[in-house]
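Asker: Return atomic coordinates for the entry below.
(2 chains)
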Amino acid sequence: MELLCLGLNHRTAPVEVRERFAVGATKLGEACTDLITLADATEALVISTCNRTEFYLVAENARDAFTRIEARLAEKIQLDSSVAAHFYRKEKLEAARHLCRVVSGLDSMMLGETEIFGQVKQAYATAHQAGATRTVLNKAFQRAFSIGKKVRTETSIQEGSTSVGNVAVDLAEKIFGHLKNSEVMILGAGEMSRITAQSLVSRGAKSIFVANRSFDRAQELATEMGGSAVRFDDWQRVLERVDVVISSTGAPHAIVHRADVEKARRARKYRPLFFIDIAVPRDIDPAVGEIEEVYLYDIDTLEQLAEEARGRRQLQIDQCEIIITNELGKSQLPGT
Amino acid sequence: MDRWYLLVSTLLAAVGGVLGMISVHRGRRSHWTVVWIAAAFLCQLGYLWVRGQMRGACPLIDTGEILSFLAWSLTLFYLIIGPAYRISLLGVFTAPLVVIFQALALLPGVMTRAPQQVANGNPWHETHSAMSVLAYGALALAAVAGVMFLVLDRQLKEHHLKSGLFRNLPPVRELLISLVRLLWLGSALLTIGVAAGFLMPHTASAWAHLTAALAIWASYLVLLLIKQVRGLTGRRLSLAAVILFVTSLAVFAFV
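Answerer: Reported below is the predicted structural model:
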């Protein structure tokens, strides 16, 4: 008897394909028992999340089992045989390794995310309740959970932001804590500003002000993010109340000078102010960063921080893979 | 027995501080610091109880007792503020101060070995001593929060964001909020302490001490008024909290 895995995920299949194979939470148990009959297997388990649908089973003949399931799926959702190209097939130790990577968040779209751990646990509990798991799957999944925990405890796979926008948002949280009391001003309605501001809004920023030379564009972006548009000449007035300023205009020279910020300090009662300058050439005069309560980060600094985080993350990924290999080597799981 | 309690408490705080620093250096949260400090606090209570029995009053007579009471007060406020604001790192910064105060108290000659019972204790005198030292516990913790802010501010300004310390420090705004609250709390307690000082019977030689206390109380009040009315940068507020606390300790060491 061999441990097998057949599945598709965000890397192998676009959302329009993945959604066709999704199995509702209430039907997971039934799907497991159906799978046993269909693939002539002794055990089966189905994991279905927004990023993946995977079938784990224990069967005598891997090729037969895969062919039967693929044919049945293609027939059920009325797709042609090209759908097979979206599936990955893993056997024995490779299937166990894949399961461990999934549980540890190494196979997730957002590397190291923890939600998948709970989702797999839930899928396992459902299959177990439906009587679809026995020795092989029980041991494989329980081992995968303990390896997943070890990976998260002994590495910092989920730490550190690897994009400029996320680095900026993490810094904003380091300065202001929860962003629910923080107000943000965007200078220049460019794409990078929009992405960074959206990240701040998604983490709870209280309100957004958009100032742009074209007021129509400012209104458009403000509406999109549930904020308020400001005339470009008025940005200094708004500076008195905001906590974060994201600047990305196309101006060939600095827009924000030290004197502009100095003027607003008294009215701001010298509260901390975070400037994110993602424009090239820079919008904010570097002298602004010399003001005591101002934290100024330009695109190069943010990119460098993101690059360092990417380097650290790659080291962490290697560390995780070593843990998985070592732990599986010790386990001697049946079916692998 | 009293010295043993204090010694064990000092060791527990030292272990908590060192383990906290190690975990911070490794970039992990120092979850256990609060437990070690809480254990140190229990031993401090044991010390105060035994010493209080010996004195028959609040043990705040000799320098060793004052330092120990100050360390207890600092620990008490950390245990109230730290977990409430989820500032686990505050313990790592607080522990060394507790260890220093208690180690100084344990030095030979600093704390009387066989303390005499306090005869005819005056309630205003006890209120003055207890409230003043409690106030200094809160103000010491404000200074600790100030140091934490200064470290974080420097790291953010200079873009040095890789250290484990940076990752574990609480956000700037939360640090400043706790700092201001501790300053208000400390100043309120100091107000009672100073007022009780003027109400207690005192000799002419006590005037210098009371005048120094009044000056320090006024300095804290001015700092808070400036912060409230005009506003103050985090760096200046933190520096002021640290300088005022160190100055007040230095003043009372000599006056």
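Asker: Is any residue of the helix or strand where B:Leu237 lies near chain A?
Answerer: For B:Leu237, the host element (DSSP states H and E) is helix B:234-254. Yes. If you take CB under 8 Å from any CB of the partner chain as the test, helix B:234-254 does meet chain A, through B:234-236. Every residue, glycine included, has its C-beta placed from N, CA and C.
Asker: so how far is that helix off the chain centroid?
Answerer: Its chain's C-alpha centre and that of helix B:234-254 lie 12 Å apart, by CA atoms, centre = their mean, to the nearest Å.
Asker: which one of the residues of helix B:234-254 next to chain A is nearest chain A?
Answerer: Distance to chain A across these (CB to the nearest CB) is lowest for B:Arg235, with 5.2 Å.
Asker: Pull the contacting residues for the nearest residue to that closest one once chain neighbours are set aside.
Answerer: Nearest in space to B:Arg235, with sequence neighbours left out and distances taken as CB to CB, 6 or more residues apart in numbering or on different chains, is A:Glu292 at 5.2 Å. Neighbouring residues of A:Glu292 by CB atoms under 8 Å, 6 or more residues apart in numbering or on different chains: A:270, B:233-236.
Asker: will you turn the residues of helix B:234-254 next to chain A into JSON lines that also has distance to A:Gln122?
Answerer: Compiled in JSON lines, those are given as follows (distance: CB to CB, whole Å):
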{"residue": "B:Gly234", "distance to A:Gln122": "45"}
{"residue": "B:Arg235", "distance to A:Gln122": "49"}
{"residue": "B:Arg236", "distance to A:Gln122": "53"}
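Asker: So which of the residues you listed is surrounded by the most neighbours?
Answerer: B:Gly234 (22 neighbours; other CB atoms under 10 Å in any protein chain shown).
Asker: can you list the residues of chain A near chain B?
Answerer: By CB under 8 Å from any CB, the part of chain A that sits against chain B consists of A:156, A:159, A:171, A:173-177, A:266, A:268-272, A:289, A:292-293, A:295, A:297, A:301, A:305, A:308.
Asker: Take those residues and keep only those in strands.
Answerer: Among those, DSSP state E puts A:295, A:297 in strands.
Asker: Pull out the buried members of the residues of chain A next to chain B.
Answerer: Listed as buried from the residues of chain A next to chain B are A:156, A:171, A:173-177, A:268, A:270-272, A:289, A:293, A:295, A:297, A:301, A:305; burial here means 16 or more other CB atoms under 10 Å in any protein chain shown.
Asker: Among the contacts of A:Glu292, which one sits closest to A:Val167?
Answerer: Nearest to A:Val167 among the contacts of A:Glu292, counting by CB to CB, is B:Gly234 at 22.0 Å.
Asker: check contacts around the closest residue to the closest one other than its chain neighbours.
Answerer: Counting by CB to CB, 6+ apart, B:Leu176 is the residue found nearest to B:Gly234 once chain neighbours are left out, at 5.1 Å. Neighbouring residues of B:Leu176 by CB under 8 Å, 6+ apart: A:272, B:149, B:234, B:237.
Asker: show me where pLDDT drops low in the stretch 151-300 of chain A?
Answerer: Within the stretch 151-300 of chain A, the stretches with pLDDT under 70 are A:160-162.
Asker: Which strands or helices does the helix or strand containing B:Phe93 pack on?
Answerer: Element membership for B:Phe93 (DSSP H and E) is helix B:89-106. With contacts taken as 3 or more CB pairs under 8 Å, 6 or more residues apart in numbering or on different chains; DSSP states H and E, helix B:89-106 sits against helix B:2-25, helix B:33-55, helix B:63-84, helix B:123-157.
Asker: Lowest average pLDDT across those helices?
Answerer: Note on the helices and strands packed on helix B:89-106: lowest mean pLDDT is at helix B:63-84, with a mean of 85.
Asker: wait, does that one contact chain A?
Answerer: No. With CB under 8 Å from any CB as the criterion, chain A is not reached by helix B:63-84; the gap is at least 14.1 Å.
Asker: so that helix versus helix B:123-157, what angle?
Answerer: Between helix B:63-84 and helix B:123-157, the angle comes out at 50 degrees (axes from the mean of the first three to the mean of the last three CA atoms, to 10 degrees).
Asker: Which of the buried ones among the residues of chain A next to chain B fall in helices?
Answerer: Counting by DSSP state H, the part of these found in helices is A:171, A:173-176, A:268, A:301, A:305.
Asker: My read is that A:Gly148 contacts A:Phe117, right?
Answerer: Yes. Counting by CB atoms under 8 Å, A:Gly148 touches A:Phe117, with 5.6 Å between them.
Asker: so what sits against both of the two?
Answerer: With CB under 8 Å, 6+ apart, A:Gly148 and A:Phe117 have common neighbours A:103-105.
Asker: Give me the buried subset of those.
Answerer: Buried positions within these, assessed by neighbour count (16+ other CB under 10 Å), are A:103-105.
Asker: got those residues as TSV, with secondary structure and pLDDT columns?
Answerer: Shown next, in TSV, are these (DSSP: H, G, I helix; E, B strand; the rest coil; pLDDT from 0 to 100):
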residue	secondary structure	pLDDT
A:Val103	helix	94
A:Ser104	helix	92
A:Gly105	coil	89
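Asker: before we move on, the earlier item: buried sites along the helix holding B:Leu237?
Answerer: Within helix B:234-254, the residues that qualify as buried are B:234-242, B:244-245, B:248-249, B:252, counting by 16+ other CB under 10 Å.
Asker: got it, and stretch A:248-256?
Answerer: Buried-residue list, stretch A:248-256, by 16+ other CB under 10 Å: A:248-249, A:254-256.
Asker: which residues touch the residue of chain A found nearest chain B?
Answerer: Chain B sits closest to A:Lys269 of chain A, with a gap of 2.7 Å, by CB to the nearest CB. A:Lys269 makes contact with B:230-232 under the criterion CB under 8 Å, 6+ apart.
Asker: can you list the residues of the stretch 101-250 of chain B near chain A?
Answerer: Contact residues, the stretch 101-250 of chain B versus chain A (CB under 8 Å from any CB): B:152, B:156-157, B:159, B:161-162, B:166-167, B:169-174, B:176, B:230-236.
Asker: Can you tell me which of the residues you listed are classed as buried?
Answerer: B:152, B:156, B:159, B:161, B:166-167, B:169-174, B:176, B:231-236.
Asker: a markdown table for the shared contacts of A:Gly148 and A:Phe117, including distance to B:Gly91?
Answerer: Converted to a markdown table, the shared contacts of A:Gly148 and A:Phe117 look like this (distance: CB to CB, whole Å):
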| residue | distance to B:Gly91 |
| --- | --- |
| A:Val103 | 34 |
| A:Ser104 | 31 |
| A:Gly105 | 31 |
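Asker: one step back: return the member of the contacts of B:Leu176 nearest to B:Ala212.
Answerer: Among the contacts of B:Leu176, B:Leu237 lies closest to B:Ala212 (CB to CB), at 22.8 Å.
Asker: domain assignment for chain A?
Answerer: Following automatic domain parsing, one finds the domains of chain A at A:2-158, A:164-305.
Asker: Of the ones you listed, which is nearest B:Val24?
Answerer: Nearest of these (CB to CB): domain A:2-158, 13.9 Å.
Asker: And that closest one, how far out from the chain middle?
Answerer: On the basis of CA atoms, centre = their mean, domain A:2-158 sits 20 Å off its chain's mean C-alpha point.
Asker: quick one: A:Leu328 and A:Ile147 touch, right?
Answerer: Yes. Between A:Leu328 and A:Ile147 there is a contact at 7.4 Å, judged by CB under 8 Å.
Asker: quick one: which of those two has more around it?
Answerer: Per other CB under 10 Å, whichever of A:Leu328 and A:Ile147 has more neighbours is A:Ile147, with 25 against 20.
Asker: for that one, what are its contacts?
Answerer: A:Ile147 makes contacts with A:100, A:103-104, A:323-324, A:327-328, as judged by CB under 8 Å, 6+ apart.
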